[in-house]
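Participant: Quick one: sequence plus predicted model below, questions after.
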Amino acid sequence: MSSRGATAIAMTLVLLLVQSAQAQSAVELGRLHSLGEGDLGIEGASISPDGELVIVHGKESAIFAVNSSSPEEFSKIEWNYSRDLVDSGFHPNGQTALIVGDSGAVLRYMREQNVVEEAVDDILLGQTNLNAVSWKGDGSWAYVGGEGGWIWRIRGIDGGGSEVIPLEGKGNSDVNAISCLPGSNVCEISSSVDGVGLIDGEHEIHWIGGVGYPWIDAVCPTGTSHECVVISTDRTIGIVSINTNDPENSKIYENDIVKLHGIDGKFNGIEIQSNSKSLISMAPFELVEHDLEERVSYPWLENEDVVMFDPIVSNDRVVSTWSTGISTGWVVTSTGKIIDFSPEEKESEGGVITIWIGIIVFGGASLLVLSLITSSSETLSRWMAIAIGSEEERKRAKREGRRKGRRK
């Protein structure tokens, strides 16, 4: 066989190997718990600062207090009114949380009593549909935003009740998310059309860019240089670089706005995973990891693997996630399912190993060419280790592959 023919065959096998390796998720789903029967219409969740409690909420005032490490341990919290509750945020002290929703609903969850109460009379908010809530780093005020660009600052007052003050300088489109920087009194605003804004320590709004993107959610991870990640429904990711001393001069640079290609579906939320890493949820049921420090995104959990896990669950919408460790945590779905994820350590039957066996049997010429190719490619060398290396080499290669071999 000529060297040219051997090279062509080897390259074809390499492409098959690439396709097989890329078809696997970085994590797998495991234990599944349900908060109730049927479709509960869950819209969101938030975890307490100490990482021990999760508040889950949704349609018709559905509210649950869930043990973050053992979600089968939960309690349903009753409230007399029927409102759709779409966002929540814990106070920095972790003892209370605000839950907001349709028609100006603002509820206060009290952890010690495990009950909720009305925190603000909806008339004070014009019965506006509310989409977002977040607390300043010092816990002095919470910001609440909703339809029509409206944003208020809210805090409890002595003797009961709340102080409610609208912010000036609002935009004209819906406020979909508010995320305050940890340890800072600067908060990020994500809007449907007006772009990205910041609220400074004096409660003033500054619009800094990203106009025209339908920004729907944002997070500001810890361990970063005062940066937030914003996402839009059309698979666009933006990085907001924040000047905490002079928020008006913060930037969202054009080269920090990137649309992911090669994937289907749309983004519907983002949650902090650990340090600079976040998990983006997609519809249909998929997860994408974003690394803020490296400015890259990785496939995390692919829909085809969710279908293999449970075809019915694969049709659910992911509404939130929370972390319990490195590459481990839980997913909350719209129907009220809570499912854990952990690193995938198994090779699919008839996958990479089968292809490598075919290469070895085929003959020395192709193997020689392929060896030369893989020796000059870190990625292919890593796949070789996974296919025919020792157990330790395979584990090491898979750990590295989850970080580098799945970039988009």
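Facilitator: Noted; the coordinates are in hand.
Participant: what's across from the spatially most central residue of the chain in the sheet?
Facilitator: For the chain, I270 is the residue whose C-alpha lies nearest the centre (CA atoms, centre = their mean; 2.7 Å). Beta-bridge partners recorded for I270 (DSSP bridges): I280.
Participant: do you know how far it is from G44?
Facilitator: For I270, the distance to G44 (CB to CB, to the nearest Å) stands at 12 Å. The way it works is simple: take the backbone N, C-alpha and C, and place the C-beta from them, glycine included.
Participant: now D200
Facilitator: Distance, D200 to G44, by CB to CB: 26 Å.
Participant: cool, S281 as well?
Facilitator: Here the criterion is CB to CB. By it, S281 lies 11 Å from G44.
Participant: So between those two, which is more surrounded?
Facilitator: Higher neighbour count among S281 and G44: S281, with 26 against 23, using other CB atoms under 10 Å.
Participant: Might one say that that one is in contact with W322?
Facilitator: No. Counting by CB atoms under 8 Å, S281 stays clear of W322, with 11.9 Å between them.
Participant: okay, and the common contacts of those two?
Facilitator: Shared contacts of S281 and W322 (CB atoms under 8 Å, 6 or more residues apart in numbering): E271.
Participant: Surely S191 is in contact with G148?
Facilitator: No. Counting by CB under 8 Å, S191 stays clear of G148, with 10.5 Å between them.
Participant: overlap in contacts of these two?
Facilitator: With contacts taken as CB under 8 Å, 6+ apart, S191 and G148 have 173-174 as neighbours in common.
Participant: okay, those two: which has more neighbours?
Facilitator: Between S191 and G148, counted using other CB under 10 Å, the more crowded position is S191 (28 against 14).
Participant: Please list all residues in contact with the more buried one.
Facilitator: 149, 171, 173-176, 197, 215.
Participant: ditto for I237
Facilitator: Residues counted as contacts of I237 (CB under 8 Å, 6+ apart) are 229-231, 257-260, 280, 290, 297.
Participant: now do I272
Facilitator: I272 sits in contact with 219, 221-222, 278, 323, where contact means CB under 8 Å, 6+ apart.
Participant: low pLDDT regions in the stretch 51-200 of the chain?
Facilitator: For the stretch 51-200 of the chain, no stretch is flagged by pLDDT under 70.
Participant: hmm, 90 instead?
Facilitator: Within the stretch 51-200 of the chain, the segments meeting pLDDT under 90 span 80-82, 156-161, 182-184.
Participant: The stretch 301-408 of the chain too?
Facilitator: Using pLDDT under 90, the stretch 301-408 of the chain drops low at 325-327, 344-408.
Participant: just to revisit the earlier point, ok, so of the contacts of S191, who is nearest N245?
Facilitator: G197 (17.6 Å; CB to CB).
Participant: Tell me if I'm right that the closest one and I208 touch.
Facilitator: Yes. With contact defined as CB under 8 Å, G197 counts as touching I208 (6.7 Å).
Participant: Could you confirm V307 falls within a helix?
Facilitator: Yes. Under DSSP: H, G, I helix; E, B strand; the rest coil, V307 falls within a helix.
Participant: Verify the stated contact: it with D316.
Facilitator: No. With contacts counted by CB under 8 Å, V307 stays clear of D316, the gap being 11.6 Å.
Participant: quick one: which of these two has more around it?
Facilitator: Using other CB under 10 Å as the criterion, V307 and D316 rank with D316 on top: 22 against 15.
Participant: Not counting sequence-adjacent ones, nearest residue to the more buried one?
Facilitator: T333 (3.7 Å; CB to CB, 6 or more residues apart in numbering).
Participant: Beta-bridge partners for the one you found, please?
Facilitator: V318.
Participant: With S334 as the reference, measure out to E37.
Facilitator: Applying CB to CB, the value for E37 to S334 is 15 Å.
Participant: again with P49
Facilitator: To S334, P49 is 26 Å away according to CB to CB.
Participant: Can you show me the strands along the stretch 251-400 of the chain?
Facilitator: For the stretch 251-400 of the chain, the strands defined by DSSP state E, counting those that start in this stretch occupy 257-259, 266-274, 277-283, 286-291, 296-301, 318-325, 328-333, 337-343.
Participant: ok, now the stretch 101-250 of the chain?
Facilitator: For the stretch 101-250 of the chain, the strands defined by DSSP E, counting those that start in this stretch cover 106-110, 115-118, 130-135, 142-146, 151-156, 162-166, 175-180, 187-191, 196-199, 205-209, 215-219, 227-232, 236-241.
Participant: still on that earlier bit, looking at G197 and I208 now, which is surrounded by more residues?
Facilitator: Counted by other CB under 10 Å, G197 and I208 do not tie: G197 has more neighbours, with 29 against 21.
Participant: check contacts around that one.
Facilitator: G197 touches 171, 188-189, 191, 205-208, counting by CB under 8 Å, 6+ apart.
Participant: try 10 Å this time
Facilitator: By CB atoms under 10 Å, 6 or more residues apart in numbering, the residues touching G197 are 145, 149, 151, 167, 169-171, 175, 178, 187-191, 205-210, 215, 240, 247, 250.
Participant: Any chance of a PyMOL selection covering the buried ones in the residues you listed?
Facilitator: Remark: buried members of the contacts of G197, expressed as a PyMOL selection using 16 or more other CB atoms under 10 Å:
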select buried, resi 145+149+151+167+170+171+175+178+187+188+189+190+191+205+206+207+208+209+210+215+240+247+250
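Participant: before we move on, back to that, can you pull the residues that touch both of G197 and I208?
Facilitator: Listed as contacting both G197 and I208 by CB under 10 Å, 6+ apart are 188-189, 240, 247, 250.
Participant: hey, what's E28 bridged with?
Facilitator: Per DSSP bridges, the residues bridged to E28 are S342.
Participant: mind listing what it touches?
Facilitator: Counting by CB under 10 Å, 6+ apart, E28 touches 301, 305-306, 308-309, 340-346.
Participant: let's see it at 8 Å
Facilitator: Contact analysis of E28 by CB under 8 Å, 6+ apart lists 305, 309, 341-344, 346.
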